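Undergrad: give me a model of this one.
(chains A and B)
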Protein chains: 2
Amino acid sequence: MSTDSIRDRILDATVDVLRRHGPAKTGVVDVARALDMSHSNVYKHFASKSALFDAVAERWLANVMAPLSKITADKKTPAPKRLKAWVRTLAEIKRKKVLDDPELFAVYRSITENAHTVVAAHVKHMHDELAEILRDGVREGAWRVSDPNKTAALILNATSRFHHPAMVALHGAETDLKQMDALSDLLIAGLQS
Amino acid sequence: MSTDSIRDRILDATVDVLRRHGPAKTGVVDVARALDMSHSNVYKHFASKSALFDAVAERWLANVMAPLSKITADKKTPAPKRLKAWVRTLAEIKRKKVLDDPELFAVYRSITENAHTVVAAHVKHMHDELAEILRDGVREGAWRVSDPNKTAALILNATSRFHHPAMVALHGAETDLKQMDALSDLLIAGLQS
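TA: The predicted structure is shown next:
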């Protein structure tokens, strides 16, 4: 078996154990037992419980980013359309995750709360992609943005009701994606003026 | 002593007891004991523990609203300026509350989480005030807003990073009120276009 698929199997088992016992009662030994593997074998791939949990968070967040990065890279589509699609897709992914399996969402949420470095890298990644779309829009003449980094942070904040895990956990079920679109339209109109 | 000041004394004592023992271990009897009062006397003013907790939440939220309502009522100031001041003031109040006394903020947060009717009335109140400012702006010719109620909801959502209790509890310390102002400017520019 390739190293990648062993890693993935360990991460899958970790999520299962987390789901049953919660983060406090989940350790490398429990994951090894669930896989019928020696714990020294698990340690070969993950040096500690926190490295294991970080890897769980990282894989989860990478799955969130993949469709967003496609939108960012699609340079043939005008920037305003991409900005709207990017934010909408992010909101859709988060809403779907919490509605489809709230228990699993809670597991990932509790893991990401402690994976500060992983989450910071994820936020920076989202931020950089939005800044890239904003710079593309400036080049296209769609809007004037003097500081794409500041504006990217502002747009992430303005839309956090629709994608921040704390807000999605509280209000995900009531999320109205039409309102998300209306908010994007308003923000884009603001950028254009 | 007037009924109002007895009510206030009971609510103050409730907050003290909540702070020490948390909502699960705070009952009417504990509050009465803290006040050296018979519990039947407390029950004269509050029919149940949940009525008492609701009243705590209501008073807290009324304090948040008071300065906002002043801004809403100040019809001499142009609507865009009032909209910006209203949102900024809301963000400032919440930020101050969590930074000055995070423990007390946590007490109120846990109380409001269960005071659904009180919180719904508060959200409606905020919403109605924003809609009023938006309608004033339409009359002044500052912007075109086809549905002030929908737009009010949208602005509350767009600024929730700065005032929603869950977000303030998580990120209140890092809140940059300049970014709040920049967001208001962007939203107002969007409304004007």
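Undergrad: what about the residue in chain A positioned nearest to chain B, which helix or strand?
TA: Ranking the residues of chain A by distance to chain B (CB to the nearest CB) places residue A:190 first, at 3.4 Å. Bear in mind the C-beta positions are built from the backbone N, C-alpha and C, glycine included. Applying DSSP states H and E as the criterion places residue A:190 in helix A:177-192.
Undergrad: so the residue of chain A closest to chain B makes contact with residue B:184?
TA: No. The criterion here is CB atoms under 8 Å, and residue A:190 misses it with residue B:184 at 10.1 Å.
Undergrad: who's in contact with residue A:22?
TA: Contact analysis of residue A:22 by CB atoms under 8 Å, 6 or more residues apart in numbering or on different chains lists residue A:110.
Undergrad: gap between it and residue A:165?
TA: For residue A:22, the distance to residue A:165 (CB to CB, to the nearest Å) stands at 17 Å.
Undergrad: do the same with residue A:109
TA: 5 Å.
Undergrad: before we move on, what about residue A:154?
TA: To residue A:165, residue A:154 is 20 Å away according to CB to CB.
Undergrad: please name the residues that touch residue A:53.
TA: For residue A:53, the contact set (CB under 8 Å, 6+ apart) comprises A:14, A:23, A:111, A:114-115.
Undergrad: can you check residue A:129 too?
TA: By CB under 8 Å, 6+ apart, the residues touching residue A:129 are A:68-69, A:72, A:86.
Undergrad: now, those residues that are in helices?
TA: Mapping the contacts of residue A:129 onto helices (DSSP state H) picks out A:68-69, A:72, A:86.
Undergrad: now the element after the host helix or strand of residue A:4, going C-ward?
TA: Following DSSP H and E, the helix or strand that holds residue A:4 is helix A:3-21. Next helix or strand after helix A:3-21 toward the C-terminus (DSSP H and E): helix A:28-35.
Undergrad: other SSEs contacting that next one?
TA: Where contact means 3 or more CB pairs under 8 Å, 6 or more residues apart in numbering or on different chains; DSSP states H and E, helix A:28-35 is packed against helix A:3-21, helix A:39-45, helix A:49-73.
Undergrad: average pLDDT across the last one?
TA: This points to helix A:49-73. Summarised as a single mean, pLDDT over helix A:49-73 is 96.
Undergrad: ok, now the shortest one?
TA: This predicted structure assigns helix A:39-45 an average pLDDT of 94.
Undergrad: dump it to PDB, keeping only the CA atoms.
TA: This file holds the C-alpha atoms of helix A:39-45, laid out as PDB (Å, rounded to 0.1, in the frame of the first residue of the first chain):
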ATOM      1  CA  HIS A  39       0.700   2.300  17.400                       C
ATOM      2  CA  SER A  40       4.400   2.500  16.500                       C
ATOM      3  CA  ASN A  41       3.200   2.100  12.900                       C
ATOM      4  CA  VAL A  42       0.800   5.000  13.200                       C
ATOM      5  CA  TYR A  43       3.600   7.100  14.800                       C
ATOM      6  CA  LYS A  44       5.700   6.400  11.700                       C
ATOM      7  CA  HIS A  45       3.200   8.600   9.900                       C
END
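Undergrad: ok, and what's touching that helix?
TA: Here helix A:39-45 makes contact (CB under 8 Å, 6+ apart) with A:3, A:6-7, A:10, A:28-29, A:31-32, A:35, A:52.
Undergrad: follow-up on the earlier one: what's the angle from the helix holding residue A:190 to helix B:177-192?
TA: With axes from the mean of the first three to the mean of the last three CA atoms, to 10 degrees as the basis, helix A:177-192 and helix B:177-192 are set at 100 degrees to each other.
Undergrad: quick check: residues of chain A near chain B?
TA: Applying CB under 8 Å from any CB of the partner chain, we find that chain A lies next to chain B at A:150-151, A:153-154, A:157-162, A:164, A:166-167, A:170, A:179, A:182-183, A:185-193.
Undergrad: could you give me the PyMOL selection string for whichever of these are buried?
TA: To isolate the buried subset of the residues of chain A next to chain B in PyMOL, counting by 16 or more other CB atoms under 10 Å in any protein chain shown, use the following:
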select buried, chain A and resi 150+151+153+154+157+158+159+160+161+162+164+166+167+170+179+182+183+186+187+188+189+190+191
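Undergrad: check the contact between residue A:38 and residue A:32; I expect there is one.
TA: Yes. Applying CB under 8 Å as the test, residue A:38 and residue A:32 come out as touching, 6.3 Å apart.
Undergrad: neighbour-wise, which of these two wins?
TA: Applying other CB atoms under 10 Å in any protein chain shown to residue A:38 and residue A:32 shows that residue A:32 carries more neighbours, namely 19 against 12.
Undergrad: which intervals of chain A have sub-threshold pLDDT?
TA: For chain A, the stretches with pLDDT under 70 are A:1.
Undergrad: mind splitting it into its structural domains?
TA: Following automatic domain parsing, one finds the domains of chain A at A:1-47, A:50-192.
Undergrad: ok now the first one, how far from the chain's centre?
TA: On the basis of CA atoms, centre = their mean, to the nearest Å, domain A:1-47 is displaced by 22 Å from the centre of the chain it belongs to.
Undergrad: in stretch A:34-54, what's buried?
TA: Buried residues in stretch A:34-54 (16+ other CB under 10 Å): A:34-35, A:37, A:42, A:45-46, A:49, A:52-54.
Undergrad: sorry, back to before: tell me the helices and strands packed up against the helix holding residue A:4.
TA: Packing contacts for helix A:3-21, counted by 3+ CB pairs under 8 Å, 6+ apart, involve helix A:28-35, helix A:39-45, helix A:49-73, helix A:102-114.
Undergrad: tilt between the next helix or strand after the last one and helix A:102-114?
TA: Sequence order places helix A:116-140 as the next helix or strand after helix A:102-114, per DSSP H and E. Going by the same axes, to 10 degrees, helix A:116-140 is angled at 90 degrees with respect to helix A:102-114.
Undergrad: show residues contacting the helix or strand that comes right after helix A:116-140.
TA: For helix A:116-140, the succeeding helix or strand toward the C-terminus, using DSSP H and E, is helix A:148-158. Outside helix A:148-158, the residues that touch it by CB under 8 Å, 6+ apart are A:83, A:87, A:123, A:126-128, A:130-132, A:134-135, A:138, A:145, A:183, A:187, A:191, B:158-159, B:161-162, B:179, B:182-183, B:186-187.
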